[in-house]
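1. Dropping a prediction and its sequence here:
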Amino acid sequence: MQNVIEVLIPEAGLPDGELLVRVLECGDARAEVLLLRRGGMLRAWHNACPHAGRRLDYAPGKFLLQDGKLICAAHGAQFELEKGRCVDGPGRGGGLAPLDVSPVPGAWIVRWGPG
């Protein structure tokens, strides 16, 4: 059985509606993730295009965003940010790899399996 890593993400420092990159670490486990807070909800995905595995930020923390969609700078795949689905370009019909997020007072717990 694969271990599940949990990291606490405080609400402070997460601006509402802004897409951010964070490195989550717990012991030797490390994941670079995209975080998007909208009100009391937090979405989290691995920072990797499912089409080619490349980072989605074209420079650290810099994204191509248009009409509410995240665009992969390498291949032009477009992802809607409600559920991370690829709606246009390479990989259409697939999506970003989500992480499990649970709210707790003033923060969220983000879980992923190392690999």
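-> That came through fine.

2. burial of Leu20, as a residue count?
-> 15 (other Cβ atoms under 10 Å). To be clear about C-beta, it is placed using only N, CA and C from the backbone, and glycine gets the same treatment.

3. right, and it touches Leu42 too?
-> No - the criterion here is Cβ atoms under 8 Å, and Leu20 misses it with Leu42 at 10.5 Å.

4. Who are the contact partners of the closest residue to Lys69 other than its chain neighbours?
-> Nearest in space to Lys69, with sequence neighbours left out and distances taken as Cβ to Cβ, 6 or more residues apart in numbering, is Gln78 at 4.6 Å. By Cβ atoms under 8 Å, 6 or more residues apart in numbering, Gln78 lies in contact with 66, 69-72, 86-89.

5. one more time with 6 Å
-> 69, 71, 87-89 (Cβ atoms under 6 Å, 6 or more residues apart in numbering).

6. Tell me which residues of the longest strand seen in the chain come out buried.
-> Longest strand in the chain, counting residues (DSSP state E): strand 29-38. The neighbour-count check on strand 29-38 (16 or more other Cβ atoms under 10 Å) flags 31, 33-37 as buried.

7. Now do that strand: everything it contacts.
-> Under Cβ under 6 Å, 6+ apart, the answer for strand 29-38 is 5, 14, 16, 19-20, 22-24, 43-45, 47, 81, 112, 114.

8. Stretch 93-107 now?
-> With contacts defined as Cβ under 6 Å, 6+ apart, stretch 93-107 is touched by 8-11, 42, 44-46, 50, 79, 84-86, 108-112.

9. how does it look with 8 Å?
-> 8-12, 31, 33-34, 40-46, 48, 50-51, 56, 79, 83-86, 108-112.

10. number of nearby residues for Val23?
-> Under the criterion other Cβ under 10 Å, the count of neighbours that Val23 has is 10.

11. Just list what the helix or strand encompassing it packs against, helices and strands only.
-> Following DSSP states H and E, one finds Val23 within strand 19-26. Other elements packing on strand 19-26 under the criterion 3 or more Cβ pairs under 8 Å, 6 or more residues apart in numbering; DSSP states H and E are strand 5-10, strand 29-38.
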